[in-house]
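# predicted model, plus sequence, below.
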Amino acid sequence: MEKSCTLLIHFDKGTPAIANEIKEALEGNDVPAKIDAMKKAIMLLLNGETLPQLFITIVRYVLPSEDHTVQKLLLLYLEIIEKTDAKGRVLPEMILICQNLRNNLQHPNEYIRGVTLRFLCRLNMTEIVEPLIPSVLQNLEHRHPFIRRNAILAVMSIYKLPQGEQLLVDAPDMIEKVLSTEQDPSAKRNAFLMLFTCAQDRAVNYLLTQVDRVSEWGELLQMVVLELIRKVCRTNRAEKGKYIKIIISLLNAPSTAVIYECASTLVSLSSAPTAIRAAANTYCQLLLSQSDNNVKLIVLDRLNELKSSHRDIMVDLIMDVLRALSSPNLDIQRKTLDIVLELITPRNINEVVLMLKKEVVKTQSGELEKNGEYRQMLIQAIHSCAIKFPEVASTVVHLLMDFLGDNNVASAIDVVIFVREIIETNPKLRVSIITRLLDTFYQIRAARVCSCALWIIGEYCLSLSEVENGIETIKQCLGELPFYSVSEEGEGTDSSKKTPQANSITVSSRRPAILADGTYATQSAASETALSAPTVVQGSLASGNLRSLLLTGDFFLGAVVACTLTKLVLRLQEVQPSKVEVNKATTQTLLIIVSMLQLGQSSVLPHPIDNDSSDRIVLCIRLLCNTGDDIRKIWLQSCRQSFVKMLSEKQMRETEELKSKAQVSHAQPDDLIDFYHLKSRKGMSQLELEDEVQDDLKRATGEFVSDTDDMNKLNRILQLTGFSDPVYAEAYVTVHHYDIVLDITVINRTKETLQNLCLELATMGDLKLVERPQNYTLAPESSKQIKANIKVSSTETGVIFGNIVYETSNVHERTVVVLNDIHIDIMDYISPAVCTDAAFRTMWAEFEWENKVAVNTVIQDEREFLEHIIKSTNMKCLTPVSALDDECGFLAANLYAKSVFGEDALVNLSVEKQTDGKLGGYIRIRSKTQGIALSLGDKITLKQKGGS
């Protein structure tokens, strides 16, 4: 039989004490040695040693000791020793203990009395406790509160014993009297707790008679009151109106723990707008007053739950929630922004954006090391605000464009993507954005930001002045040509390349300089370059950002520059009446493009130009030399149309997600609905009325109904033994985050009583059993429910196996029935999730575990295979539907899911149709931990065949 344990102490088994040494120390008169020996004896007992010979030594030498520490250790020793024999009868030597305990309960020292009373709380032997009851009751009226509060707890634990109600018939009466006269807050709390657990009606009556004074009670007592209210309201919902008033009065308590509990109790009991508003206000107050980050995160979680169930009320508190951004912790800032972004309405959008702008400006001070990441979060938040409410874009876009040259590349990319979307969705801002972009283009330092900014310049410079400014800006940022110089000695080896005629060349470069009044001026920097072997004509910052990036060998950017210049020249042909100017711009552009090609093919840079970029640049040269109308249409219109289509699809996807998140609830047609105006209002406060109405609404919309769980329950029952086994067992497995609960039904199929029946389980993988198995006795043809808890520490496929062992009266050997294995499926831990393409790529690059599974399936359609994999792996497809449309014999898609432990699972599926009609290709899985990658791979290998 498993024994209850009331005490746990860490014990290092390295140097176990020897029983004889302990005995000697206990028999001596040295108090510190006695204390040390008692501690060793207790630790050995806790670790399974029996030490039977110590008991008499302790009775003789330790019981008489007057030292408080020795007495406390003696009580701990008595708490853990075996007090009964094999048949469950109390050992006769325990009578010696009884006398000592009675003396302690009448001891003149308060500490000895108090710790003895506390010891009695953990004693469950009626035979030992019974003779001590008169002494315990005397202590209820002791002058010292330490003794009174422990005496109340002792009375409570005696009353809760199996025969406790006979031993202490009038305990509730006595405790009620104590409660009415007691002044000590801790003793008062213990008395109320005793009534709450043992005589709930009396606790409720006491509470209702003292309603007006609850707010003056101590923090400890108020916490028990809230617990009582929760319990009463769960069992009797009709009564909750009067209790909600008590909770609301407690919201003004000085203790933060009490007001937090009040708020969560209000939310769990009532849906009345007044109550929810009071709870939400309380959470916001805690969010700002508490300095502990963990508290803030918990409160934000509560606000997030309120947001999903009571959005209308939360909308009014949006600015209070936003004040949490003042915390320097990134997790708090992220959670706050996530909550706020879902509460934005046309009424509060301007205030929110103004606040976010102030925060962005603050991040420029650069005091905190995480400023870059925080700024990136703010930019993404402003971006989503501007997409939902385009009218605010004009107030933020120019501020954000200052960050195009940000050292944090990620936030600069976010800004440029934001600008690209706004310039398309807000045509009124186009001119001002282009002007600003051309002015600040030289500050951009990152290649990816440059590429995106160049695309914007190429697509949205429409008027003559904009096109000319665009070409001029790009020329300035590229610096003077050529990009490298060749010496005359090198002519033999490199005759195809142009060589300058003079012995030295003056390279002049220009860039805008900012004057004291904030305006721009152009300054020239001339430098003499002597000719020698082929050398790069270095572009310092003075010669522009594009030149510096090209000279590092970034030819993808070179191709983007070539395409942008080509687009600008094609547009110039439409808007510039003077043919001479057009031809001049065309030749200058051609010169730049050819120089880039030459740089790519020279030996100056460590890596030559890649073929894709080379082809693209050559295409630009051909286009400028010979332009047809169809090609012009593709370059000047089709790109923009594709972008518009991409934006509209993104919008559509977001709308669909919002719809799917909306709560679906079902009401039964015969459910009773009460009508607000027909309600009896006698003696009901406004809050009680509101609460009743909200309950009716919930009943009408089916929010109280949840039949689906029972339906699913039947699907998840696993048979553990055969029908012909003497013991039949089946399990219902519930996976809840870090816990797996096995609810096992064991049925005795025989006509005999099964004794010492024990369910023994063992696990494989990252699973741990929480409790040790207990023994049961099972009557003929009866059944027993056994619960087993298992802790999970990571997302991996685990296996639980075990057997049932029992004895029968006529067979002395134990019989063993082996159980079926229970496989814990990884699918229980992962759920579909959404992330941006950029985030997916970043994670794909960072994660070190990859599992590559070859496609092997009977499915012959690529799209059908993708659907099958999504269904089998419980993942979300991030690739938009339009990208998967049409037949081309090839399909690539990204899938994403998140585990309950916060781990990310990334899958890339690439399949193509082979000549024989079958599908071939690979599915690659990446994750931060090995468990997910392997388990998902196994799952896909198992399920991908399809067909059957």
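The structure has been received and is ready for your questions. Small disclaimer: the values here were computed from a predicted structure and weren't measured.
# where do the helices of the stretch 401-550 of the chain begin and end?
Counting by DSSP state H, counting those that start in this stretch, the segments of the stretch 401-550 of the chain that form helices are 409-425, 430-440, 447-460, 464-478, 545-550.
# show me what the longest one is packed against.
Pointing back at helix 409-425 there. Helices and strands touching helix 409-425, as assessed by 3 or more C-beta pairs under 8 Å, 6 or more residues apart in numbering; DSSP states H and E, comprise helix 371-388, helix 393-401, helix 430-440, helix 447-460, helix 639-661. All C-beta atoms are positioned from the backbone trio N, CA, C, and that covers glycine.
# what's in contact with the third one?
For helix 430-440, the surrounding residues in contact (C-beta atoms under 8 Å, 6 or more residues apart in numbering) are 397-398, 401-402, 404-405, 419, 422-423, 453, 456-457, 460-462, 466, 469-470, 473, 512, 520.
# so what are the domain limits for the protein?
Using the TED database, the domain ranges for the chain come out as 200-270, 272-342, 344-454, 461-483+543-638, 717-824, 828-944.
# and those: which comes nearest Val62?
Among the domains of the chain, the nearest to Val62 by C-beta to C-beta is domain 717-824 (31.4 Å).
# and the closest one, how far apart are its ends?
13 Å (C-alpha to C-alpha, to the nearest Å).
# again with stretch 594-609
Taking C-alpha to C-alpha, the first and last residues of stretch 594-609 lie 13 Å apart.
# in that stretch, what's buried?
594-600, 602, 604-605, 609 (16 or more other C-beta atoms under 10 Å).
# could you dump the domains of the chain to CSV with distance to Leu153 and mean pLDDT?
Supplementary listing: the domains of the chain in CSV, determined by distance: least, C-beta to C-beta, whole Å; pLDDT from 0 to 100:
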stretch, distance to Leu153, mean pLDDT
domain 200-270, 13, 85
domain 272-342, 30, 89
domain 344-454, 48, 85
domain 461-483+543-638, 75, 89
domain 717-824, 26, 85
domain 828-944, 39, 87
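# redo the helices of the stretch 401-550 of the chain as a markdown table? Include distance to Ile859.
Listed next are the helices of the stretch 401-550 of the chain as a markdown table, based on distance: least, C-beta to C-beta, whole Å:
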| stretch | distance to Ile859 |
| --- | --- |
| helix 409-425 | 37 |
| helix 430-440 | 48 |
| helix 447-460 | 38 |
| helix 464-478 | 50 |
| helix 545-550 | 46 |
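# out of these, indicate the one that is most buried.
helix 545-550 (a mean of 23; mean count of other C-beta atoms under 10 Å).
# among the domains of the chain, which is nearest Leu7?
Among the domains of the chain, domain 717-824 comes nearest to Leu7, with 16.9 Å by C-beta to C-beta.
# which residues does Asp331 contact?
Counting by C-beta under 8 Å, 6+ apart, Asp331 makes contact with 293, 297.
# can you tell me the helix or strand for it?
Secondary structure from DSSP states H and E places Asp331 in helix 330-341.
# in that helix, what counts as buried?
Quick answer for helix 330-341 (16+ other C-beta under 10 Å): 332-333, 335-337, 339-340.
# tell me the helix or strand right after it.
Downstream of helix 330-341, the first helix or strand assigned by DSSP H and E is helix 349-362.
# for that next one, which outside residues touch it?
In contact with helix 349-362 (C-beta under 8 Å, 6+ apart) are residues 318-319, 322, 325, 340, 344, 374-375, 378-379, 381-382, 385-386, 388-389, 392, 395-396, 399-400, 403.
# do the same with stretch 371-391
By C-beta under 8 Å, 6+ apart, stretch 371-391 touches 330, 333-334, 337, 340-341, 344, 346, 349, 352-353, 356-357, 359-360, 363-365, 368, 392-393, 396-397, 400, 403, 406-408, 410-411, 414-415, 417-418, 421-422, 425-426, 651.
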